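Visitor: missing the sequence, but the structure's below:
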């Protein structure tokens, strides 16, 4: 059964560079990404195609496998963040795949502290997110006195949040999708935080 199409996120960067490397107007472009709806990879799909069909995958390797097996037209991988540096897990998966980078776009990254309804900043002791997001907000989290816990993806951290003493570092779109409150906005340690994403094809 084909995965259901996911909605376009409300926030994001302007699309730049040239037209998508795959797909036509007659057919939606299936783009695999690692994470869950509300992830930055999910948002980046709209930078590469005007009407994509994003498909969530548990790992970067799984997203690339969909391209190799022709069950997706392309995959989106985060390549490098302006604060935290290269995304080594994604780059290793790409190197092992034998696939090619067709196009790249830079996406502004705003990371917010998301909590369950009823939780306050005083209740929190742990921030949960992908390791790259935690690195991008290391000083801010230290200032707030929060310990950290790794998750497979920013949106997965938001989706799976069940404890009132924990918060997720994720996007505004993730807060809306999973019914969470934003307790603090823009925890990234430097202005102009951005991640370069690659569109990977056969």
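Guide: Looks like it arrived, so ask away. This structure is a prediction, so every number in the text was calculated from the model and none was measured.

Visitor: And the residue nearest the centre of the chain?
Guide: Among the residues of the chain, residue 40 comes closest to the average C-alpha position under Cα atoms, centre = their mean, at 2.7 Å.

Visitor: Show me what the helix or strand hosting residue 56 is packed against.
Guide: Element membership of residue 56, judged by DSSP states H and E, is strand 52-57. When contacts are defined as 3 or more Cβ pairs under 8 Å, 6 or more residues apart in numbering; DSSP states H and E, strand 52-57 packs onto strand 29-34, helix 40-48, helix 60-68. Yep, even glycine has a C-beta here, placed from its N, CA and C like the rest.

Visitor: picking that back up, any idea how far residue 115 is from the residue nearest to the centre of the chain?
Guide: 20 Å (Cβ to Cβ, to the nearest Å).

Visitor: Residue 43 too?
Guide: 21 Å.

Visitor: Over to residue 138?
Guide: The gap separating residue 138 from residue 115 is 19 Å, by Cβ to Cβ.

Visitor: Neighbour count: the two, which is higher?
Guide: Neighbours were counted for residue 138 and for residue 115 using other Cβ atoms under 10 Å; residue 115 has more, 25 against 15.

Visitor: Enumerate every residue touching the nearest residue to that one once chain neighbours are set aside.
Guide: Counting by Cβ to Cβ, 6 or more residues apart in numbering, residue 115 lies nearest to residue 167, which is 4.6 Å off, once chain neighbours are set aside. By Cβ atoms under 8 Å, 6 or more residues apart in numbering, the contact set of residue 167 is 113, 114, 115, 119, 124, 126, 127, 128, 146, 161, 183.
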